[in-house]
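[1] What shape does this take:
(one chain, ligands or ions: 1)
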Amino acid sequence: MTNAQITLVQLDNYGPWTVTPEPRREADLQTMQSRLFADLSQFFGTRDGYVFFTRFDNMIAVTNGADLEDHARVQESIRNRYPVTVSLGIGTGASPTDALVDATAHLQAAGSAQDAERREVLGGQPLADDERADDDVHIAHFDVNDATGKYTDELDAFSTFVRIEQGYASLMRVLHDEYGGLGFFVGGDNVVAIVPELDRAAYEAVIEHVRAEADMSLKVGVGSGHTATDAGLAAKHALERCREDGTIVEGDV
Ligand SMILES: Nc1nc2c(ncn2[C@@H]2O[C@H](COP(=O)(O)OP(=O)(O)OP(=O)(O)O)[C@@H](O)[C@H]2O)c(=O)[nH]1
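    Residues are numbered from 1 along each chain as shown. Down below sits the predicted model:
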């Protein structure tokens, strides 16, 4: 089964802050955003969750295992150490996309991201203990076949970046629009996707879609678990089996 718990992290009134009292230096904003992401990754990581930076002003976390108190503690810690605050919307659902829609609704109902009065909303409810199962979280770890040989060692770095981003765009769209999954670029040539339970044929179809649309060949390791860490590690081991056996889909399918 799938029982996703997704937390939407939204910086409060961040747009106005970046230009008040006048535009702030971009390098300072980049530094602050990446430190905040690192802190959130570490915090949710200690609770076996994953955070993805997405747009930095909005970040998406898989938080199965983190309760309301954990979320409130993150807000307090950020308030104490950063010049910005964060609102958190917690959503649950049978698919990651449903859970994210639920999480988003809790923040949107409380006001705009650029409403000076809307600060540190903590909306929604985590899964109760008796709602959780050992295979709540499903993660698919996608990797480009021989990205080093085909791109990194062949093209200039920007051309490689464009090719990888095009593959990522194709993959994230098909996962979201057709399968209820949320795919995130995590660096290099890797995409980690939070997915519902999907079978081998679905993964083969996703990989074929990206090959046809973006001319990029992928492999994927799939894992499931009680938390993002458990599922994500299982997915990484499955991806290693793809490498060893020359296969394109391995793991919990
Ligand atoms: N975030 C993250 N990045 C990874 C991971 N594994 C590899 N990478 C990144 O991906 C890049 C390419 O590494 P590989 O995917 O091993 O290399 P490859 O050339 O595609 O070779 P094959 O995957 O064996 O086909 C590395 O430089 C890293 O940036 C991972 O588990 N997580």
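[2] When you work out contacts or count neighbours from here on, use the C-alpha atoms and nothing else.
    OK.
[3] if I look at residue 245, how far off is residue 210?
    22 Å (C-alpha to C-alpha, to the nearest Å).
[4] who has more neighbours, the two?
    Neighbour count, other C-alpha atoms under 10 Å: between residue 245 and residue 210, residue 210 has more, with 22 against 10.
[5] and that one, helix, strand or coil?
    Three-state assignment for residue 210 (DSSP: H, G, I helix; E, B strand; the rest coil): helix.
[6] which residues touch the nearest residue to residue 119 once chain neighbours are set aside?
    Using C-alpha to C-alpha, 6 or more residues apart in numbering and skipping residues adjacent in sequence, the residue nearest residue 119 is residue 12, 5.8 Å away. Shown in contact with residue 12 (C-alpha atoms under 8 Å, 6 or more residues apart in numbering): 84-87, 113-116, 118-120.
[7] Local confidence estimate at the residue of the stretch 151-253 of the chain found nearest the ligand?
    At 3.3 Å from the ligand, residue 188 is the closest residue in the stretch 151-253 of the chain, using C-alpha to the nearest ligand atom. What the model reports for residue 188 is a pLDDT of 94.
[8] Please report the number of neighbouring residues for it.
    By other C-alpha under 10 Å, 13 other residues sit near residue 188.
[9] so residue 175 is in which element?
    Assigned by DSSP states H and E, residue 175 belongs to helix 157-179.
[10] again with residue 79
    Going by DSSP H and E, residue 79 is in helix 68-81.
[11] Can you tell me which helices and strands that helix packs against?
    The contact analysis (3 or more C-alpha pairs under 8 Å, 6 or more residues apart in numbering; DSSP states H and E) places helix 68-81 against strand 86-93.
[12] Counting neighbours, what do you get for residue 146?
    Neighbour count of residue 146, defined by other C-alpha under 10 Å: 12.
[13] Please state the backbone phi and psi of it?
    Here is the backbone geometry of residue 146 (degrees, to the nearest 10): phi 50, psi 50.
[14] What does the pLDDT read for the residue nearest to residue 119?
    93.
[15] and what of residue 1?
    Among the per-residue scores, residue 1 shows a pLDDT of 60.
[16] Can you classify the residue nearest to residue 193 when sequence neighbours are not counted as helix, strand or coil?
    The shortest distance from residue 193 to any non-neighbouring residue, by C-alpha to C-alpha, 6+ apart, is to residue 183 (3.9 Å). Applying three-state DSSP to residue 183 yields a three-state assignment of strand.
[17] how much space between residue 183 and residue 125?
    As judged by C-alpha to C-alpha, residue 183 and residue 125 stand 23 Å apart.
[18] These two: which has the busier surroundings?
    Between residue 183 and residue 125, counted using other C-alpha under 10 Å, the more crowded position is residue 183 (26 against 16).
[19] Let's see the pLDDT reported for the residue nearest in space to the middle of the chain.
    For the chain, the residue nearest the mean C-alpha position is residue 52 (3.9 Å; C-alpha atoms, centre = their mean). We have a pLDDT of 98 for residue 52.
[20] hang on, it packs against residue 184?
    Yes - judged on C-alpha atoms under 8 Å, residue 52 makes contact with residue 184 at a distance of 6.7 Å.
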